[in-house]
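Asks: Predicted model, plus sequence, below.
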Amino acid sequence: MQRLSVAGAPRGAQFTSWRELICQAFLDLTPESDLRDGFTGTVTQWPLGKTNIARIDSQRQRVRRTSADISRCPQHGYYANLQLRGRCLMTQYGRSTVLRPGDLAMVDTTEPFSFEFDDDFRQITFFLPKQLLDGQLLDGQRTAAAATAVRVDTTAGAGAAVRHAMLTLTQDKLPEKAAARLAIHTGGILAVAVDQSATGRGKPVRHEGLHAAALHDIDEHLTDDDLSPPATARRIGVSVRLLYSVFAAREHSYAAEVRRRRLTRAWRDLQDPALAGLRVIDVAVEAGFPNVSSFHRAFLREYGRTPAELRAGAHRS
């Protein structure tokens, strides 16, 4: 067992030290975080012959395996990641899944992937050479490719056996040779769990699904005074950081979506003859704007005319 930590790094250089540490411990990766001073991170590793297992304790960050990283370090294998604390959004092959404590999913080191941790976390990561896992899969590499970034059920069956074995391998209770043998057998059980998830038993949570859920929540609470990222995140069961990451890949941010949908509602109401008796300030409030001045500015910027000008033109026609 070896333990690597950034605890001894100079203040302000902890994250730089972390970047070097995880590349040394695993493979070339590109980590990013808004945390700098006081950043903490520890990796505890157990070499197990052809395989190895590690426990990671750290803080919020995004970790990518880019094409440039792969060119520099073309390691051929898989990492099976078991979440113990915190939450991780794992993405590969255009698929995404959210790992919560007890969840397991796998990535292929020969293709780009990303992990997004929205808070402090603990994760066990189990490395298997490509030939070792591919040789035990029913459909070889095709099955493995279909099952990366897909949640493997660890509450029962093969998935539960993998989880128990990975926990055992990080508890220093076995002699070195026995641990290495268990690691090989764990790879075989993981192959069974992967085959099951690849045939449709896994249930990945995609960015698309989270985005759709967030938009539905915005529409449902569009006129609420407290409509905000924390409120939406709480209602759909994700962290605020994860919610922001879902919108980061889209054309409109969370705030822009709320503003756009409120403006669309106001545009419709201003042209509705049945609502002609409402004052502009009433239309603004009904659409969810906190004050009429912010509504006027947003409306003019979006449509190139004031709410009163739109209403006058609509009623003339």
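Replies: That came in fine, so what should we check first?

Asks: The nearest residue to Ser245 once chain neighbours are set aside - how many residues pack around it?
Replies: Distances taken as C-beta to C-beta, 6 or more residues apart in numbering place Glu116 nearest to Ser245, at 5.6 Å, with adjacent residues excluded. From N, CA and C alone the C-beta is placed, and that goes for glycine too. Neighbourhood size, Glu116 [other C-beta atoms under 10 Å]: 23.

Asks: What strand or helix carries Glu116?
Replies: strand 113-117 (DSSP states H and E).

Asks: coming back round to it: how about the residue nearest to Ser245, what does it touch?
Replies: Arg62, Val63, Cys88, Leu89, Thr91, Arg241, Leu242, Ser245 (C-beta atoms under 8 Å, 6 or more residues apart in numbering).

Asks: Kindly export the strand holding Glu116 (C-alpha atoms) in CSV.
Replies: The C-alpha trace of strand 113-117 is given here as CSV (Å, rounded to 0.1, in the frame of the first residue of the first chain):
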residue,chain,number,x,y,z
PHE,A,113,-14.0,10.6,-20.6
SER,A,114,-14.9,13.1,-17.8
PHE,A,115,-15.8,12.9,-14.1
GLU,A,116,-17.5,15.9,-12.4
PHE,A,117,-17.5,15.9,-8.6
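
Asks: tell me the mean pLDDT for that strand?
Replies: If you average the pLDDT over strand 113-117, you get 93.

Asks: Contacts for the next helix or strand along the chain from it next, please.
Replies: Per DSSP H and E, the first helix or strand lying C-terminal to strand 113-117 is strand 121-129. Residues outside strand 121-129 that contact it (C-beta under 8 Å, 6+ apart) are 26, 50-60, 76-88, 166-167, 169-170, 183, 186-187, 190.

Asks: What residues are bridge-paired with the residue nearest to Ser245?
Replies: For Glu116, the beta-bridge partners under DSSP bridges are Arg62, Leu89.

Asks: repeat for the one 5 residues further on
Replies: On the basis of DSSP bridges, Phe121 takes part in beta bridges with Ser58.

Asks: quick one, phi psi at Leu48?
Replies: phi -130, psi 60 (degrees, to the nearest 10).

Asks: What count of nearby residues applies to it?
Replies: Leu48 has 21 neighbours, counted by other C-beta under 10 Å.

Asks: Could you do Arg55 as well?
Replies: 21.

Asks: on that earlier part again, in helices only, show me the contacts of strand 121-129.
Replies: Counting by DSSP state H, the part of the contacts of strand 121-129 found in helices is Met166, Leu167, Leu169, Ala183, Thr186, Gly187, Leu190.

Asks: correct me, but the first one touches Arg55?
Replies: Right, Met166. No. Taking contacts as C-beta atoms under 8 Å, Met166 lies outside contact range of Arg55: 9.6 Å.

Asks: Strands along the chain, start to end?
Replies: 2-5, 30-32, 41-48, 51-58, 61-65, 77-85, 88-92, 95-99, 104-108, 113-117, 121-129 (DSSP state E).

Asks: Low-confidence ranges, the stretch 151-300 of the chain, go.
Replies: 197-208, 249 (pLDDT under 70).

Asks: any chance you could map the helices in it?
Replies: 157-169, 176-196, 207-220, 229-236, 240-248, 254-270, 280-287, 292-303 (DSSP state H, counting those that start in this stretch).

Asks: Now tabulate these in a markdown table and tack on distance to Gln14 and mean neighbour count.
Replies: Formatted as a markdown table, the helices of the stretch 151-300 of the chain follow (distance: least, C-beta to C-beta, whole Å; neighbours: other C-beta atoms under 10 Å):
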| stretch | distance to Gln14 | mean neighbour count |
| --- | --- | --- |
| helix 157-169 | 28 | 19 |
| helix 176-196 | 31 | 19 |
| helix 207-220 | 30 | 16 |
| helix 229-236 | 28 | 17 |
| helix 240-248 | 20 | 19 |
| helix 254-270 | 30 | 18 |
| helix 280-287 | 46 | 19 |
| helix 292-303 | 41 | 15 |
